[in-house]
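A.B. asks: Give me a 3D structure for the following:
(chains A and B)
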Amino acid sequence: NAGVTQTPKFQVLKTGQSMTLQCAQDMNHNSMYWYRQDPGMGLRLIYYSASEGTTDKGEVPNGYNVSRLNKREFSLRLESAAPSQTSVYFCASSYGGTIGGELFFGEGSRLTVL
Amino acid sequence: GENVEQHPSTLSVQEGDSAVIKCTYSDSASNYFPWYKQELGKRPQLIIDIRSNVGEKKDQRIAVTLNKTAKHFSLHITETQPEDSAVYFCAGYNTDKLIFGTGTRLQVFP
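C.D. replies: Numbers count the residues shown, from 1 in each chain, chains lettered A, B, ... in the order given. The predicted structure follows:
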């Protein structure tokens, strides 16, 4: 039982390059999330998906796109990376809905944009 | 949308003392308030949560209180131990959207 798996764990990009962070969960959760974590800024919500086929903007969506490929997978894409996107990215999942419930996080992906 | 403010940003206590972290939220429709602990280099993990129909919840040395009228909730850790040293995040939830506070770095000195 892997929980939430995200790849890659580390990535270095040059300004303007694109990349996709992959995330998959095996807990049959409805909701999936992408957060970024910067020192002193906490965990800021980028995008979330309440169910397969739906996505919504969070607090800091600019510069990112997402795809909820199926119930298990939720990817985050940077089309043209900028140094301001250097951060640690966490994918998470939960049962969601009106009840909410525990968020299970992946191990994180450390992205550096030069 | 929801905005969660958290104080203090850093907190240092002597082992055995109590620690209190406070959060306020803006969205009166938020109905679920979890607290997460993040150790250095690790992912956040849930330590306790409270729902809007409950005023207080305890789990051994940790407790959370909620004041819906004031839109305020707090984490209380008693008899702190060095292994409690970590960053703690509060959060507010309203139908699929979970917004975190900016975190409190707790240091417990032996």
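A.B. asks: Nearest the middle, which residue of chain A would you pick?
C.D. replies: Centroid-nearest residue in chain A, with C-alpha atoms, centre = their mean: A:Trp34, separated by 2.6 Å.
A.B. asks: Contact partners for it?
C.D. replies: A:21, A:23, A:45-48, A:58, A:64, A:66, A:74, A:76, A:89-92 (C-beta atoms under 8 Å, 6 or more residues apart in numbering or on different chains). For the C-beta atoms, the positions are set from N, CA and C on the backbone; glycine is no exception.
A.B. asks: at 10 Å what do you get?
C.D. replies: A:6, A:21, A:23, A:44-49, A:55, A:58, A:60-61, A:64, A:66, A:74-76, A:89-92, A:106, A:109 (C-beta atoms under 10 Å, 6 or more residues apart in numbering or on different chains).
A.B. asks: Check B:Asp49 too.
C.D. replies: Going by C-beta under 10 Å, 6+ apart, B:Asp49 touches A:100-103, B:32-36, B:57, B:59, B:64, B:91, B:93.
A.B. asks: change it to 6 Å
C.D. replies: B:Pro34 (C-beta atoms under 6 Å, 6 or more residues apart in numbering or on different chains).
A.B. asks: go on, B:Leu98?
C.D. replies: B:Ala91.
A.B. asks: Compute the distance between it and B:Lys42, please.
C.D. replies: Counting by C-beta to C-beta, to the nearest Å, the gap from B:Leu98 to B:Lys42 is 19 Å.
A.B. asks: One more: A:Trp34?
C.D. replies: As judged by C-beta to C-beta, A:Trp34 and B:Lys42 stand 18 Å apart.
A.B. asks: pLDDT score assigned to residue 56?
C.D. replies: Here I'm looking at chain A. The confidence metric pLDDT takes the value 96 at A:Asp56.
A.B. asks: not what I meant, chain B
C.D. replies: For B:Glu56, the pLDDT comes out at 95.
A.B. asks: For chain A, see how far away B:Ala86 is.
C.D. replies: For B:Ala86, the distance to chain A (C-beta to the nearest C-beta, to the nearest Å) stands at 14 Å.
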